[in-house]
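Colleague: have a look; sequence and predicted model below, questions after that.
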Amino acid sequence: MRVLLIEDDTILGEAIRDHVIGNGHAVDWMQRLKDGEACTQTVDYSLILLDLRLPDGNGIDFLTRLRAKDCPTPVIILTAHDQISDRINGLNSGADDYLVKPFNLNELTARMLAVSRRYTAKPNPIIRLASLEINTTDRRITDGAKHITLSNREWAVLDTLLARPGAIVSKAQIEEALYAFGSEIESNTVEVYVSRLRKKIGKEVLSTVRGVGYSIGITV
């Protein structure tokens with residue numbers, strides 16, 4: 001998934017960014033609300049991580065404007081303020097979850113995956129794909145007794161395809177999920193990762209629609 005992080009604390013922002021990238025996701029990190037708002041106008045994010053107290057305003061105001069535009073992107077609020085009134089205000093303004101600083105980065109990962117499953121209407125993290133069983137929470141894939149290991153980038157490609165089962169996903173859509181602003185993209189990067197993924201999970205479940213994109217089939 002591609003994540004927008006709006007956080008002005010440099011140390012915390014770097015820690016969150018590096019952790020989320022380490023889990024195979026792309027991150028655009030902004031330290032001002034105006035920059036975060038500009039990002040939402042050009043990129044279709046899978047998730048927004050939003051601090052409330054920022055140098056140029058309050059995150060709640062940003063969230064209110066976002067929801068007023070009917071933007072459905074899930075939002076997790078990150079804040080040092082643990083007042084019940086702040087939590088209620090954030091959730092009533094359209095937040096999907098709330099984490100109080102300091103928090104464990106692994107808990108953040110779990111919350112991100114939980115919110116993502118709710119957003120995609122897939123509360124069950126277990127997906128069956130032909131003979132494969134994919135646990136999207138634990139990032140485990142088994143084919144009978146065989147365990148299949150994917151790299152973070154391969155998981156990122158698989159996550160993007162699984163978000164649109166049966167649909168054709170374009171190369172550009174996969175690139176957008178894989179790379180943040182400023183990242184260099186080789187012309188054949190997507191093809192390389194799709195090829196590696198296909199070798200591991202089976203070419204019969206991951207189809208190439210020549211000149212259009214890629215498609216993955218789901219069985220339940």
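Modeller: Okay, I see it. Numbering: from 1, shown residues only.

Colleague: and the longest helix for this structure?
Modeller: helix 105-119 (DSSP state H).

Colleague: for the residue lying closest to residue 47 once chain neighbours are set aside, phi and psi?
Modeller: Once flanking residues are discounted, residue 47 sits nearest to residue 3: 5.0 Å by C-beta to C-beta, 6 or more residues apart in numbering. Quick note: C-beta positions are derived from backbone N, CA and C, even for glycine. Per-residue torsions, residue 3: phi -120, psi 140 (degrees, to the nearest 10).

Colleague: what of residue 6?
Modeller: phi -120, psi 100.

Colleague: residue contacts, it?
Modeller: Neighbour list for residue 6: 30-33, 35-36, 48-51, 54, 59, 62 [criterion: C-beta atoms under 8 Å, 6 or more residues apart in numbering].

Colleague: and of those residues, the nearest to residue 88?
Modeller: Nearest to residue 88 among the contacts of residue 6: residue 59, at 14.8 Å, using C-beta to C-beta.

Colleague: tell me which residue lies farthest from the centre of this protein.
Modeller: Note on the chain: the largest C-alpha distance from the chain mean falls to residue 145, namely 29.2 Å (C-alpha atoms, centre = their mean).

Colleague: and the gap between that residue and residue 41?
Modeller: Going from residue 145 to residue 41 by C-beta to C-beta, to the nearest Å gives 49 Å.

Colleague: now residue 70
Modeller: As judged by C-beta to C-beta, residue 70 and residue 41 stand 14 Å apart.

Colleague: residue 159 and residue 190: what is the separation?
Modeller: 14 Å.

Colleague: where in the protein is pLDDT low?
Modeller: For the chain, the stretches flagged by pLDDT under 70 are 120-125, 180-185, 218-220.

Colleague: that older thread, in strands only, show me the contacts of residue 6.
Modeller: Within these, residues falling in strands by DSSP state E are 30, 48-51, 54.
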